[in-house]
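S.K.: quick one, what's the 3D model for this:
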Amino acid sequence: MHPPRMMIIAASLAAATFGFAAPAVAAIDAGNPFAKASTLNFNYPQFDKIKNEHFGPAFDEGMRQQAAEINAIANHRKPATFDNTIVAMERSGQLLGRVSSVFGNLSGANTNDAMQKLDRELAPKLSAHSDAIRLNEKLYARIKGLYDKRATLKLDTESAFLLERYHTDFVRAGAKLSAADKDKLKVHNGELASLQTTFSQNVLKEANAAALVVGSRAELAGMSEAAINAAAAAGKARGMEGKFVIPVTNTTGQAPLSVLTNRATRQKLLEASMGRGSRGGEFDNSANVLKIAKLRAERAALLGYPNHAAYILEDQTAKQTTAVNQLLGEFARPAVANARREAADIQTVIDAEKGGFQLAAHDWAFYSDKVRAQRFNFDQSQLRPYFELDNVLTNGVFFAANKVYGLSFKERRDLPVYDPDVRVFDVTDANGKPLAIFVADFYARANKRGGAWANAYVSQNKLMGTNPVIGNHLNIPKPPAGEATLLTYDELRTLFHEFGHALHGMFSDVKYPRFAGTRVPRDFVEFPSQVNEMWMVDPLVLSNYAKHYKTGAPMPQVLLDKVIASKKFNEGFRTSEYLAASILDQRWHQLGASQIPTDVLAFEAGVMKDAGLDFAPVPTRYRTTYFSHVFSGGYSSGYYGYLWSEKLDADTVDWFKENGGLSRKNGDYFRKMLLSRGGSMDAMDMYRKFRGRDAKVEPLLERRGLTTN
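M.R.: Model prediction:
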């Protein structure tokens, strides 16, 4: 999911970002679109009125207003009650919430120089604002007083859990520290906020700077004519007439590697990708990594934890580093063993073609497709004509949501958007009532960060009576004008995956903002989105959207059978590259402050060797210096969560199958028991109530073609 950094900060301010009585004197111009809640449907942002200059004043006034609101709560003349303390905090920060959600999302999806400058300036200010709330002694005393007598307050279940969470949030934020240690903590938080912002901005700038430039069409042989023309246009746009530019995107692996026939070009492209952030120069992130790791370790020690990972995991469903290490370790050996077998198969093809070289990382994608073609008599390129974006969205993603949950979608062209390619849809529930607004932003842009993610512009909650406005963001290359957008299989999966996050936000049915939508433990948040991937290959859904973009002919059954038969193909590679990144995350964050290394890449190499993942043809999905999930996003010590969640996902897919598969009955039950509840109860208790037991690991092992033998 990987939400923008600002979203994480905004969500941590007071756990809520919705209204409370504002001070009488307003220091923000009435014409500022953030001054009041948007009058558009569901408070949809007024993108046509929002300008760069509106953000700064709105943030300043938003922080001032919330500080005044919090001060009034902390110094309330009456004894603390749940309503005058906890609920009042839930109502605080309306203005700050409005501007934070929009700025945080646009910083990831549609940034510019002015916004990046403001982001750097805001990071320490927002950190200080958050600290001023969480480290307020009088406020914590009121919360603790209520927590200590919680058994006598006669609160409903959600309210009782909210009180528990507030107490936990404040303690984990340092509320029980001495005054001297609180001062140290504030310094650490401010420095970290600035460093993480710099890391994030460097990743975006370095992705543009590291683009591969070649001088001839021959070097791009294997790419489609349209893709080569797009590379030529990119060269011209950069003032390099006659050159061809291939952008470098999020992960270590790059899509063109699967089609480029020129081995030297493949090597240059992968080297450009893997060198990001560690090749010296203005955007090198090596020093930032070391500072972030050290500050996080020092902060954890201040808070009483042996390391940052221990601090983070305590508040996740995994709870302990030993549990995460065990999971990752159990998967590493069989995953690498599978990858080595896959590599041997690839080498056989290389040798048969008299290639005269040993398999390298830049060869994997190209030759694994050849192995797939031999073994299953098809290659991935045969699928793309059947996966046209608009058709997949309408007759695949939306169709599945209708069949499983009864939702219907209608595109709107009257609401403003921040980029012409962004699309907006009204979402109507099965009972005919408006449910949400869905914002679809699918194309890559130079000012958009890599990867794919979901976000909430407005979150649902009954306390303030708000309905969800949810966005999905992908980075699909935009084809030349007039040409169809044909998805790769991975892009198809991502479309269904991210919409799973959107459904989690749309179906939220909670009272308090603190629990809305995807505000669940980080190692649980990927679970609903992974479940939604199952409908991608459901026979009813697939037959409805897998049609040739020119002829409308359905995907031949023989091709469909081959797709299904090859589901476990290349799982050794996929699992190994993911595990490498997950273990790298844990090793960085299980260090104490005195253990932080001096050489980022040497440490990384040592980690891979120790974990048994030092298999050169399969590099880590993210190298440290562009691992935004953990060094600037919300996944520090949490990248393992995809695998942790997939265990729940695989077990849930089995539940659907056991109960008849795709049906409204099953969808409604899953929605009622899980998707609607947000973070309003313990995540694993929620799962047990849904499934009737803990999740089993066997379905996941079977799915990934792994064994523990």
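S.K.: the spatially closest residue to residue 504 that is not a sequence neighbour: what secondary structure?
M.R.: Spatial nearest neighbour of residue 504, excluding adjacent residues (CB to CB, 6 or more residues apart in numbering): residue 528 at 4.5 Å. For glycine as for every other residue, the C-beta is placed from the backbone atoms N, C-alpha and C. With DSSP: H, G, I helix; E, B strand; the rest coil as the basis, residue 528 sits in helix.
S.K.: thought residue 528 was touching residue 499?
M.R.: No - between residue 528 and residue 499 there is no contact under CB atoms under 8 Å: 10.2 Å.
S.K.: pLDDT on stretch 614-625, on average?
M.R.: If you average the pLDDT over stretch 614-625, you get 97.
S.K.: after the top strand by length along the chain, which helix or strand is next?
M.R.: Secondary structure of the chain per DSSP state E: the longest strand is strand 434-443. On the C-terminal side of strand 434-443, the closest following helix or strand by DSSP states H and E is strand 453-458.
S.K.: contacts for the host helix or strand of residue 670, please.
M.R.: Here residue 670, judged by DSSP H and E, is contained in helix 664-670. With CB atoms under 8 Å, 6 or more residues apart in numbering as the test, helix 664-670 has contacts from 403, 404, 405, 406, 430, 531, 652, 656, 659, 660, 690.
S.K.: gap between residue 649 and residue 655?
M.R.: 10 Å (CB to CB, to the nearest Å).
S.K.: er, residue 337 actually
M.R.: For residue 337, the distance to residue 655 - CB to CB - is 30 Å.
S.K.: repeat that for residue 154.
M.R.: Residue 154 is 35 Å from residue 655, by CB to CB.
S.K.: quick one: which of these two has more around it?
M.R.: Set side by side, residue 154 and residue 655 show more neighbours around residue 655, with 17 against 9, by other CB atoms under 10 Å.
S.K.: so what's residue 694 up against?
M.R.: Residue 694 neighbours (CB under 8 Å, 6+ apart): 684, 687, 688.
S.K.: ChimeraX command for the buried members of those?
M.R.: Selection of the buried residues among the contacts of residue 694 in ChimeraX, burial being defined by 16 or more other CB atoms under 10 Å:
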select :684,687
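S.K.: turn the contacts of residue 694 into JSON lines, columns for pLDDT.
M.R.: Output for these, formatted as JSON lines (pLDDT from 0 to 100):
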{"residue": "684", "pLDDT": "96"}
{"residue": "687", "pLDDT": "97"}
{"residue": "688", "pLDDT": "97"}
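S.K.: sitting in helices, which of the contacts of residue 694 do you find?
M.R.: Secondary structure defined by DSSP state H assigns 684, 687, 688 of the contacts of residue 694 to helices.
S.K.: name the nearest residue to the second one, ignoring sequence neighbours.
M.R.: By that I understand residue 687. Here the residue nearest residue 687, using CB to CB, 6+ apart, is residue 648, at 6.0 Å.
S.K.: repeat that for residue 691.
M.R.: Nearest to residue 691 is residue 655, by CB to CB, 6+ apart, at 6.2 Å.
S.K.: list the buried residues in the helix or strand hosting that neighbour.
M.R.: Element membership for residue 655 (DSSP H and E) is helix 641-658. Buried residues in helix 641-658, defined by neighbour count with 16+ other CB under 10 Å: 641-656.
S.K.: ranges for the strands of the chain?
M.R.: Counting by DSSP E, the strands of the chain are 212-214, 244-246, 408-412, 423-428, 434-443, 453-458, 469-476.
S.K.: highest mean neighbour count out of these?
M.R.: Highest mean neighbour count of these: strand 453-458, a mean of 25 (counted as mean count of other CB atoms under 10 Å).
S.K.: tell me the mean pLDDT over that strand?
M.R.: 96.
S.K.: could you export that strand as CSV, CA atoms only?
M.R.: Presented in CSV, the C-alpha positions along strand 453-458 are these (Å, rounded to 0.1, in the frame of the first residue of the first chain):
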residue,chain,number,x,y,z
TRP,A,453,-0.9,2.7,-3.3
ALA,A,454,-4.3,3.6,-1.9
ASN,A,455,-5.2,6.6,0.1
ALA,A,456,-8.2,8.3,1.7
TYR,A,457,-8.9,12.0,1.0
VAL,A,458,-11.9,11.7,3.4
